[in-house]
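Colleague: what follows is a predicted structure for the sequence shown.
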Amino acid sequence: MTSISEWYAGKNVLITGATGFMGKVLMEKLLRSCPDVNALYILVRPKAGQSMSERVQDMMKCKLFDRVREDNPDFHQKIIPISSELTQPGLAISPEDVQTLTSCINIVFHCAATIRFDEPLKHALQLNVIATQQLLSLAQQMQHLQAFIHISTAYANCNRRHIDEVIYPLPVEPKKLIDSLEWMDDSIIRDITPHLIGDRPNTYTYTKALAECVVQQESGKLNIGIIRPSIVGASWQEPFPGWIDNFNGPSGVFIAAGKGILRTMRASNDAVADLIPVDVVINLTLAAGWYTAVHRPKTALVYNCTTGGINPFHWGEIEHHVMSTFKRNPLEQAFRRPNANITSSYLIYQYWILVSHKFPALIYDLFLRLSGQKPQMMRIFNRLHKAIGLLEYFSSQDWEWNSDNMNMLMSHINKYTHCETLLNSSL
Ligand SMILES: CCCCCCCCCCCCCCCC(=O)SCCNC(=O)CCNC(=O)[C@H](O)C(C)(C)COP(=O)(O)OP(=O)(O)OC[C@H]1O[C@@H](n2cnc3c(N)ncnc32)[C@H](O)[C@@H]1OP(=O)(O)O
Ligand SMILES: NC(=O)C1=CN([C@@H]2O[C@H](COP(=O)(O)OP(=O)(O)OC[C@H]3O[C@@H](n4cnc5c(N)ncnc54)[C@H](OP(=O)(O)O)[C@@H]3O)[C@@H](O)[C@H]2O)C=CC1
């Protein structure tokens, strides 16, 4: 039996969302731990005045790739960018590139998505659902495809308390919804969005659930794996501890608390904070790619990639660790001395918002005005309140995820020493 690293040798891998947080870590891990991988084809769009090639060149200079660069200074030769805008018909991939991809790709990792909670439904649907559908159609044409791995979220079914590793049906058929939203006016879509998302908190979790149904429906003869990570945080060990490049989810909250700006947030002390380091998620994703290709499960296997069942950690403990860390290692240019407390009480939360957020912001803005500068603190707090308002659904309750498939994968991996080496930090 070959190791996972050996299995990836000579393979051509297609990655969507490679410029994102998880996509970058996936590329780095493949290049470092599977050095004989043949090529990484990445779908990239031009953005913010930068061409596709400029973006990829910039990305490869990132500190994340330092260890890969040390091992192989020419690692960039293995990265082949393909111009693509996922919201366009045919993913806006040129016919020549389609030809290349269909003739050589062995494994697809679909990471791209909009992860904004407040994304208008039509756009979230376009990217998270329709683009997934189109990528699956492209995958069906790939002559040497061995596995298709779709990255979902553990919160796709957050309207349930207990979540099994199955794809749950939705009241509305994804295809019917796509057809209807195509001709509807934006204002009508805005009005019906709350009815469509039902007991889910936002368009993100709803469209990720729809995407899972689409993956199941369009899978045809493909070997499919679905990874459902919970709240993905900074790396635990690889390529070095603490790597992160965004303020999504709790990371933004931690920084705001460390800067002394955030003093209160609604969260339950006793609720499980299901955080998972990005390197653990990526290691599991690569192992699932290998397993899906080699064992070809009859139906799509779903992996709930969560930590709460194995090693539960609570928001109350997080508050304690975050605050003591910032007291020991203060951030530069803090607004105030850090002191944030979580509360589950709406009234206490509103009181502290007024006393510790709005009142100091008003005073500070008054000072800025008097000294001839532009007031900015109230604006910052309004944005912060919007962000924490969207996050509180996830910090005020907990879920129970079944992880049988993840455990099964771990037991398979433990049989092979080489695989253990590849995955030692995750499992
Ligand atoms: C000590 C106590 C601990 C307790 C701690 C409890 C934490 C409890 C977390 C649960 C977390 C569940 C997570 C589900 C797990 C998925 O399934 S993963 C998907 C996770 N997705 C996200 O986290 C996306 C959430 N973010 C959004 O939807 C949008 O960014 C927002 C919040 C609606 C803001 O949108 P916007 O107003 O258009 O602004 P945007 O341009 O995105 O950002 C504006 C500014 O806010 C910052 N920002 C963005 N997000 C945040 C944030 N979360 N916080 C602070 N600042 C932020 C940005 O960096 C940006 O800063 P500047 O660049 O202007 O300096
Ligand atoms: N982060 C988290 O906590 C969690 C994430 N997930 C899932 O993991 C996956 C990756 O998330 P993460 O890396 O954090 O997200 P990021 O927002 O960091 O990355 C999103 C990626 O998708 C690409 N993308 C977005 N829109 C388009 C488009 N129109 N055309 C082409 N590419 C596009 C982005 O490209 P560009 O750089 O051009 O914008 C970027 O590469 C997602 O599927 C998400 O749902 C699941 C659970 C938790």
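Modeller: That came in fine, so what should we check first? Residues are numbered from 1 along each chain as shown. Ligands and ions are numbered 1, 2, ... in the order given.
Colleague: from now on I want contacts and neighbour counts done on CA atoms only, so please keep to that.
Modeller: Will do.
Colleague: tell me the mean pLDDT for stretch 68-79?
Modeller: For stretch 68-79, the mean pLDDT works out to 95.
Colleague: can I get the CA coordinates of that stretch in PDB?
Modeller: Extracted C-alpha coordinates of stretch 68-79, given in PDB (Å, rounded to 0.1, in the frame of the first residue of the first chain):
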ATOM      1  CA  VAL A  68       8.400  25.200   0.400                       C
ATOM      2  CA  ARG A  69      10.700  27.900  -1.100                       C
ATOM      3  CA  GLU A  70      13.600  26.600   1.100                       C
ATOM      4  CA  ASP A  71      13.100  23.000  -0.100                       C
ATOM      5  CA  ASN A  72      12.500  23.900  -3.700                       C
ATOM      6  CA  PRO A  73      13.200  27.500  -4.900                       C
ATOM      7  CA  ASP A  74      11.500  26.600  -8.300                       C
ATOM      8  CA  PHE A  75       8.200  25.500  -6.700                       C
ATOM      9  CA  HIS A  76       6.300  28.100  -8.700                       C
ATOM     10  CA  GLN A  77       6.900  26.000 -11.900                       C
ATOM     11  CA  LYS A  78       4.400  23.500 -10.500                       C
ATOM     12  CA  ILE A  79       1.600  26.100 -10.200                       C
END
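Colleague: what does it contact?
Modeller: 28, 31, 32, 38, 39, 40, 41, 42, 60 (CA atoms under 8 Å, 6 or more residues apart in numbering).
Colleague: buried residues, it. List them.
Modeller: By neighbour count on 16 or more other CA atoms under 10 Å, the buried set for stretch 68-79 is 68, 69, 75, 76, 78, 79.
Colleague: what does stretch 216-232 give?
Modeller: 218-219, 222-232.
Colleague: which helix or which strand is home to the residue in the stretch 301-427 of the chain that ligand 1 sits nearest to?
Modeller: Relative to ligand 1, the nearest point of the stretch 301-427 of the chain is residue 387 (3.7 Å; CA to the nearest ligand atom). Residue 387 belongs to helix 377-395 when assigned by DSSP states H and E.
Colleague: now that helix: how far from the chain's centre is it?
Modeller: Averaged C-alpha coordinates place helix 377-395 at 20 Å from its chain's average position (CA atoms, centre = their mean, to the nearest Å).
Colleague: report all helices and strands that that helix contacts.
Modeller: Identification of packing neighbours for helix 377-395 by 3 or more CA pairs under 8 Å, 6 or more residues apart in numbering; DSSP states H and E yields strand 264-266, helix 359-370.
Colleague: elements contacting the last one?
Modeller: By that I understand helix 359-370. Using 3+ CA pairs under 8 Å, 6+ apart: helix 359-370 touches helix 377-395.
Colleague: what helices or strands is the next helix or strand after the helix it packs on leaning on?
Modeller: Counting by DSSP H and E, the element after helix 377-395 in chain order, helix or strand, is strand 400-401. Helices and strands touching strand 400-401, by 3+ CA pairs under 8 Å, 6+ apart, are strand 162-163.
Colleague: list the buried residues for the following helix or strand past the strand it packs on?
Modeller: Scanning forward in sequence from strand 162-163 by DSSP H and E, the next helix or strand is helix 174-183. Neighbour-count burial for helix 174-183 flags 174, 181 (criterion: 16+ other CA under 10 Å).
Colleague: next: stretch 76-91.
Modeller: 76, 78-87, 90-91.
Colleague: if we can go back for a sec, now the buried residues of stretch 68-79 as TSV including secondary structure and distance to residue 365?
Modeller: TSV is the format used below for those (DSSP: H, G, I helix; E, B strand; the rest coil; distance: CA to CA, whole Å):
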residue	secondary structure	distance to residue 365
68	helix	47
69	helix	46
75	helix	50
76	helix	48
78	helix	51
79	strand	48
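Colleague: of the helices and strands packed on helix 377-395, which is nearest ligand 2?
Modeller: strand 264-266 (18.7 Å).
Colleague: do the helix or strand just after that closest one and ligand 2 come into contact?
Modeller: Following strand 264-266 in sequence order, the next helix or strand is strand 275-277 (DSSP H and E). No - taking CA under 6 Å from any ligand atom as the criterion, strand 275-277 and ligand 2 are apart, separated by no less than 8.5 Å.
Colleague: off-centre distance for stretch 277-291?
Modeller: 13 Å.
Colleague: could you do stretch 332-346 as well?
Modeller: With CA atoms, centre = their mean, you get 26 Å for stretch 332-346.
Colleague: likewise for stretch 324-341?
Modeller: 27 Å.
Colleague: and that stretch, how far apart are its ends?
Modeller: 12 Å (CA to CA, to the nearest Å).
Colleague: state the mean pLDDT of that stretch.
Modeller: The model assigns stretch 324-341 a mean pLDDT of 93.
Colleague: buried set for it?
Modeller: 326, 330, 335, 337, 338, 339, 340, 341.
Colleague: which members of those residues additionally contact ligand 1?
Modeller: Among the buried residues of stretch 324-341, ligand 1 is touched by residue 340 when using CA under 6 Å from any ligand atom.
Colleague: on that earlier part again, identify those among the buried residues of stretch 216-232 that sit within helices.
Modeller: residue 218 (DSSP state H).
Colleague: just the buried residues of stretch 216-232: which are in strands?
Modeller: Counted as lying in strands by DSSP state E, out of the buried residues of stretch 216-232, are 224, 225, 226, 227, 228, 229, 231, 232.
Colleague: do you know the pLDDT at the fourth one?
Modeller: The predicted structure scores residue 227 at 98 on the pLDDT scale.
Colleague: sorry, back to before: out of the buried residues of stretch 216-232, who's nearest ligand 1?
Modeller: Using CA to the nearest ligand atom, these come closest to ligand 1 at residue 231, 4.3 Å.
Colleague: what's around the residue lying closest to the closest one once chain neighbours are set aside, how many residues?
Modeller: Computed as CA to CA, 6 or more residues apart in numbering, the closest residue to residue 231 that is not its neighbour in sequence is residue 275, at 4.7 Å. Using other CA atoms under 10 Å, residue 275 has 21 other residues around it.
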